[in-house]
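> predicted coordinates and the sequence they were generated for:
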There are 4 protein chains.
Amino acid sequence: MKYMCKTDDAPLTLDSINEQLQMNPFNSWLRLRMIEGNGAKAWFELPWREEMAGAPGRMHGGVLAAAIDASAFWTLASARGIRGGPTLDLRVDFHRPASGTLLLAGEVLHSGVTVSTIEVKVWGTTNTLIASGRCVFVGRRVTSS
Amino acid sequence: MKYMCKTDDAPLTLDSINEQLQMNPFNSWLRLRMIEGNGAKAWFELPWREEMAGAPGRMHGGVLAAAIDASAFWTLASARGIRGGPTLDLRVDFHRPASGTLLLAGEVLHSGVTVSTIEVKVWGTTNTLIASGRCVFVGRRVTSS
Amino acid sequence: MKYMCKTDDAPLTLDSINEQLQMNPFNSWLRLRMIEGNGAKAWFELPWREEMAGAPGRMHGGVLAAAIDASAFWTLASARGIRGGPTLDLRVDFHRPASGTLLLAGEVLHSGVTVSTIEVKVWGTTNTLIASGRCVFVGRRVTSS
Amino acid sequence: MKYMCKTDDAPLTLDSINEQLQMNPFNSWLRLRMIEGNGAKAWFELPWREEMAGAPGRMHGGVLAAAIDASAFWTLASARGIRGGPTLDLRVDFHRPASGTLLLAGEVLHSGVTVSTIEVKVWGTTNTLIASGRCVFVGRRVTSS
């Protein structure tokens, strides 16, 4: 199927990550885009549009949760070369109403033999913390063929 | 704005809840629908469609999280007459891959003076537990005018 | 060491579970005791004493969290014969102040190949819900020798 | 009662915070001690002793959870002058086995009108991340008399 994630170990460049993000139907709907990654952290941009609203002009908490989930997955992949399995658990604290383009900053808190824990902070345009989330993945390292 | 939640205290019938669910842009995208409520619990149906996928044929965890968030909100409203403010925090444990139409069962765990905690279980078509989540709301009782 | 958990597959009777609970130094401090288990759920009793307080006459939230953690571990062991590894994550919602002897009811929400999720509800003497928690364990089935 | 928290607005010096920590029976059992606070973050020390064990030489996850809860409370008080009500919810991710003296670093993620969210990271002696937790408090600002 055309939107299946690549499971080979092709180098994860910013372009290849964004290409794979777009192959995932719901991430594609989100138009989430990775904008930078430095081997430890990764940053993503989530543009606002009206159908994401949960209240007038405010992003639905579930859309934020989905963007956190996807950002966490790709933070782990780009920072550690670990492809997370399905998310094990997801937690989001909503601090302020979200509107406009958002910046998501992902960071690997811990990556162990069995599971990895990723923290994602969501920042608004005026540099305010909108939400902060965590995802736990059962992951496996992408091995060379 | 036309999709703003009604804040008056019109009786919350199944029809009026579903009407309000549809006025929320992202809930409308989800096509989430409340199918029953008995004053203590509430049940919702989430139909599958391809653009909800995170992997081929499997619902994106974020879409599930969003449906849990919305179901929790309307469980609290229908069961206790409390209109939650924005969700304070959301947690989801993903137990199994989700596909097909899902049934979400919401239950008020506790509804106190300041906050309310709602549990939502997501069931698949073969009666298997797909995910289980919790939402905490700062809520206020809908008072009579 | 005398308080190490037994890792053999001796049948988990109520007596053997309570014996093992007591071999764990902090569980022993808690005086937590399993009172019933039926293969799907398990019940535990936590007696109050003054040094557990976080405020006068009220149990410290951390003591409750510890009792939830231990109850979840032994619910999984008694209900499914799975010995959880170290707890992966723990979450507690505190609903009401806790005082007096508490009853903890553990239930396996899901037990998969890799991880198991356990829910624990804490009930007060007047049948009020004090707290509700969840623990995720990376577990391995206790195999016959 | 002698261990009740002071509710007046006496300046929160390191000494007064540690004095109040010790008046709380279970925090006193923990021997948790605040070692520094700078108006935004706070650091605490938790000395190891045998009765804290959940397995030989390893701290019980519940003891860690309790120390995270107490550290979060006093991080909020010292950093923002907000006295949290009872903890609303507590979440802990356990990353590595804990042993020896631990350092807990608390940080206010968000402090709003109604609730405050505090993050606490637990560091081991070899500068490894042992656990990371979050607490949500319904708090009220300590006002001048």
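Received the coordinates, thanks. Numbering: from 1, shown residues only, chains lettered A, B, ... in the order given.

> all contacts plus neighbour counts: C-alpha atoms, from now on.
Noted.

> ok, which stretches of chain A are helices?
In chain A, the helices defined using DSSP state H lie at A:14-23, A:25-30, A:61-80.

> need the winner for burial among the ones you listed.
Stretch with highest mean neighbour count among the helices of chain A: helix A:61-80 (a mean of 26; mean count of other C-alpha atoms under 10 Å in any protein chain shown).

> show me what that helix is packed against.
Contact here means 3 or more C-alpha pairs under 8 Å, 6 or more residues apart in numbering or on different chains; DSSP states H and E; on that basis helix A:61-80 packs against helix A:25-30, strand A:33-37, strand A:41-46, strand A:82-94, strand A:102-111, strand A:115-123, strand A:129-141, helix B:61-80.

> next to chain B, which bits of chain A? Give me the list.
Applying C-alpha under 8 Å from any C-alpha of the partner chain, we find that chain A lies next to chain B at A:1, A:3-5, A:24-27, A:29, A:50-56, A:60-63, A:65-67, A:69-70, A:86-95, A:97.

> repeat the analysis, applying 7 Å as the threshold.
Selection of chain A residues close to chain B by C-alpha under 7 Å from any C-alpha of the partner chain yields A:4, A:24-26, A:51-56, A:60-63, A:65-66, A:69, A:87-94.

> can you redo the helices of chain A as TSV with mean pLDDT?
Listed next are the helices of chain A as TSV, based on pLDDT from 0 to 100:
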stretch	mean pLDDT
helix A:14-23	94
helix A:25-30	97
helix A:61-80	95
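
> okay, these in a markdown table with distance to residue C:124 next?
Formatted as a markdown table, the helices of chain A follow (distance: least, C-alpha to C-alpha, whole Å):
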| stretch | distance to residue C:124 |
| --- | --- |
| helix A:14-23 | 48 |
| helix A:25-30 | 44 |
| helix A:61-80 | 33 |
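
> now tabulate the helices and strands packed on helix A:61-80 in a markdown table and tack on distance to residue B:116.
What follows is these, written out as a markdown table (distance: least, C-alpha to C-alpha, whole Å):
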| stretch | distance to residue B:116 |
| --- | --- |
| helix A:25-30 | 30 |
| strand A:33-37 | 35 |
| strand A:41-46 | 30 |
| strand A:82-94 | 15 |
| strand A:102-111 | 28 |
| strand A:115-123 | 24 |
| strand A:129-141 | 19 |
| helix B:61-80 | 8 |
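
> OK, contacts around residue A:18?
Contacts for residue A:18 (C-alpha atoms under 7 Å, 6 or more residues apart in numbering or on different chains) come out as A:33, A:34.

> repeat for the one 3 residues further on
Contacts of residue A:21 were listed using C-alpha under 7 Å, 6+ apart, and they are A:27, A:28.

> repeat that for residue A:124.
When contacts are counted by C-alpha under 7 Å, 6+ apart, residue A:124 touches A:101, A:102, A:103, A:130.

> how close does the closest residue to the last one other than its chain neighbours sit to residue B:126?
By that I understand residue A:130. In space, residue A:130 comes closest to residue A:96 once its chain neighbours are excluded; the distance is 4.8 Å by C-alpha to C-alpha, 6 or more residues apart in numbering or on different chains. According to C-alpha to C-alpha, to the nearest Å, residue A:96 and residue B:126 sit 38 Å apart.

> neighbour-wise, which of these two wins?
Higher neighbour count among residue A:96 and residue B:126: residue A:96, with 17 against 8, using other C-alpha atoms under 10 Å in any protein chain shown.

> show me the two of the contacts of residue A:124 that sit farthest apart.
Using C-alpha to C-alpha, the two most remote members of the contacts of residue A:124 are A:101 and A:130, lying 11.4 Å apart.

> for the two, indicate the residue with more neighbours.
residue A:130 (22 against 14).

> so the more buried one sits against residue A:93, correct?
No: the pair residue A:130 / residue A:93 is not scored as a contact, 8.8 Å apart, by C-alpha atoms under 7 Å.

> any shared contact partners between those two?
Contacts common to residue A:130 and residue A:93, judged by C-alpha under 7 Å, 6+ apart, are absent.

> just checking, residue A:54 touches residue B:28?
No: counting by C-alpha under 7 Å, residue A:54 does not reach residue B:28; the two are 9.6 Å apart.

> partner residues bridging residue A:83?
residue A:140 (DSSP bridges).

> so it sits against residue A:72, correct?
No: between residue A:83 and residue A:72 no contact is recorded; they are 10.8 Å apart, counting by C-alpha under 7 Å.

> quick one: low-confidence parts of chain A?
By pLDDT under 70, the low-scoring segments of chain A are A:1-11, A:140-145.

> interface residues of it facing chain D?
A:95, A:110.

> wait, what's in contact with the most centrally placed residue in chain A?
Taking C-alpha atoms, centre = their mean, the centroid of chain A lies closest to residue A:71, which sits 0.7 Å from it. Listed by C-alpha under 7 Å, 6+ apart, the contact partners of residue A:71 are A:44, A:106.

> what distance do you get for it to chain D?
19 Å (C-alpha to the nearest C-alpha, to the nearest Å).

> do residue A:49 as well
Residue A:49 is 26 Å from chain D, by C-alpha to the nearest C-alpha.

> now do residue A:99
For residue A:99 relative to chain D (C-alpha to the nearest C-alpha), the value is 18 Å.

> how about residue A:55?
Taking C-alpha to the nearest C-alpha, one finds residue A:55 at 20 Å from chain D.

> ok, what's across the strand from that residue?
Taking DSSP bridges as the rule, residue A:55 bridges to residue A:58.

> was I right about it contacting residue B:22?
No: contact status for residue A:55 versus residue B:22: not in contact, 11.7 Å apart, counting by C-alpha under 7 Å.
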